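Visitor: My questions concern the predicted model and sequence given below.
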Amino acid sequence: MKTSFILSEVLTGLRRNLSMIISVVLVTFVSLLFIGSAALLQMQISGMKDYWYDRVQVAVFLCPPDSEAPTCADGEVTQEQKDAIEAALSSPDLEDYVEEVHFEDKATAHRLFEEQFEGTSLEGTVPEDQMQESFRIKLADAEQYGIISEYFSATPGVEEVVDQNRLLDQLFRILNIATAVAVGIAAIMTLCAVLLIATTIRLSAFTRRRETGIMRLVGASNLFIQLPFILEGIIAAAVGSLLAGVALGAGVHFGVSGWLQSRLAGVSLVNLSDVAVLTPLLVLVGVVMAGVSSWLTLRRYMKV
């Protein structure tokens, strides 16, 4: 009897305040969509760091014939200088930082260049003898790339040390900024959702003040009177949370797994399983947010 009465009261409240309930659904949807997007972006950043930092290399480019670098004052790198650089890479000073080294000669560099720019206007524009030789270094700890750069910055025969990590750091910095912006917008929208839920509950309680007064006179408990209003907010927020999960799933399925994955072959991107794990958390956040804000609103404005 009590359960059926509470459910009937909830349905009555949802019908009477339909426009406000729809507003709660929409604002909850938008706020949790941004929260979910920020969470997925952080998951992607973490996965990309594991992927790229495991494959990142430091390239020690050797002096070509016409370099103007101070370390190339004697012209093109000599065999003695190559041997000295290779010996330094296997020396006790660097053995704890260097995991693997391979030498890329001009023929290999030219072949890789042609493969990379095959079918473009750059194909065939650079002859093999103008390619630059280099040592490609895989580090034991990718975050220690600065040590190699500092070690060879003034070494004769070395024109430049290129750290791929620097490019990755810039990329991840931009992605982290995007995450922070999404979190900021989500915080604003969540505040709007809380205020709108509180306003909706107050309006619903006001429109049914006669019924709640009768219930109070017959001895109904505070929880029994307040529960229908709390459930209204929870139902609206839960619907908005589920819609956010569905929207994230659609975005990942068509945008990430469908379009982006084909252009980043070999890179592990977020997928529907990640959304499936995240969606219940979004629903939980929405339900808790609605339940707490409704309960606090009723405690303050509904004296029962």
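Guide: Nice, thanks for sending it over.
Visitor: Please count neighbours and contacts with C-alpha atoms only from this point.
Guide: Will do.
Visitor: In contact with Leu94, which residues?
Guide: Shown in contact with Leu94 (CA atoms under 8 Å, 6 or more residues apart in numbering): Ala88.
Visitor: okay, Val275: pLDDT?
Guide: For Val275, the pLDDT comes out at 93.
Visitor: again with Glu115
Guide: Reported pLDDT for Glu115: 80.
Visitor: repeat for Ala265
Guide: On the pLDDT scale, Ala265 gets 58.
Visitor: And Val60, how far from Glu99?
Guide: According to CA to CA, to the nearest Å, Val60 and Glu99 sit 15 Å apart.
Visitor: quick one: low-confidence parts of the stretch 51-200 of the chain?
Guide: Residue ranges of the stretch 51-200 of the chain with pLDDT under 70: 51-56, 142-143, 164-168, 171.
Visitor: Strands of that one, residue ranges please.
Guide: 57-62, 98-104, 134-139, 158-163 (DSSP state E, counting those that start in this stretch).
Visitor: could you redo those as a markdown table and give each row distance to Leu284?
Guide: Shown next, in a markdown table, are those (distance: least, CA to CA, whole Å):
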| stretch | distance to Leu284 |
| --- | --- |
| strand 57-62 | 42 |
| strand 98-104 | 45 |
| strand 134-139 | 42 |
| strand 158-163 | 43 |
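Visitor: Kindly reformat those strands as a markdown table and extend each row with mean neighbour count.
Guide: Formatted as a markdown table, the strands of the stretch 51-200 of the chain follow (neighbours: other CA atoms under 10 Å):
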| stretch | mean neighbour count |
| --- | --- |
| strand 57-62 | 22 |
| strand 98-104 | 15 |
| strand 134-139 | 22 |
| strand 158-163 | 21 |
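Visitor: do you know which of those lies nearest Ala250?
Guide: Ala250 lies closest, by CA to CA, to one member of the strands of the stretch 51-200 of the chain: strand 57-62, at 35.7 Å.
Visitor: what's the closest one in contact with?
Guide: By CA under 8 Å, 6+ apart, strand 57-62 touches 76-77, 132-139, 145, 148, 152, 157-165.
Visitor: can you list the residues that contact stretch 230-247?
Guide: Contact partners of stretch 230-247, identified using CA under 8 Å, 6+ apart, comprise 10, 13-14, 21-22, 24-30, 32-33, 36, 197, 200-201, 275, 278-279, 282-283, 286-288, 290-291, 294-295.
Visitor: Tell me how far that stretch lies from the chain's centre.
Guide: Centroid separation for stretch 230-247 versus its chain: 23 Å, with CA atoms, centre = their mean, to the nearest Å.
Visitor: Then stretch 28-38?
Guide: Counting by CA atoms, centre = their mean, stretch 28-38 is centred 13 Å from the centre of its parent chain.
Visitor: Pull out the CA atoms of it and give them to me as CSV.
Guide: The C-alpha trace of stretch 28-38 is given here as CSV (Å, rounded to 0.1, in the frame of the first residue of the first chain):
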residue,chain,number,x,y,z
THR,A,28,22.1,16.6,-16.1
PHE,A,29,22.7,15.1,-19.5
VAL,A,30,25.0,18.0,-20.5
SER,A,31,26.9,18.2,-17.2
LEU,A,32,27.6,14.4,-17.1
LEU,A,33,28.4,14.4,-20.8
PHE,A,34,31.3,16.8,-20.1
ILE,A,35,32.3,14.8,-17.0
GLY,A,36,32.3,11.6,-19.1
SER,A,37,34.2,13.2,-21.9
ALA,A,38,36.9,14.4,-19.5
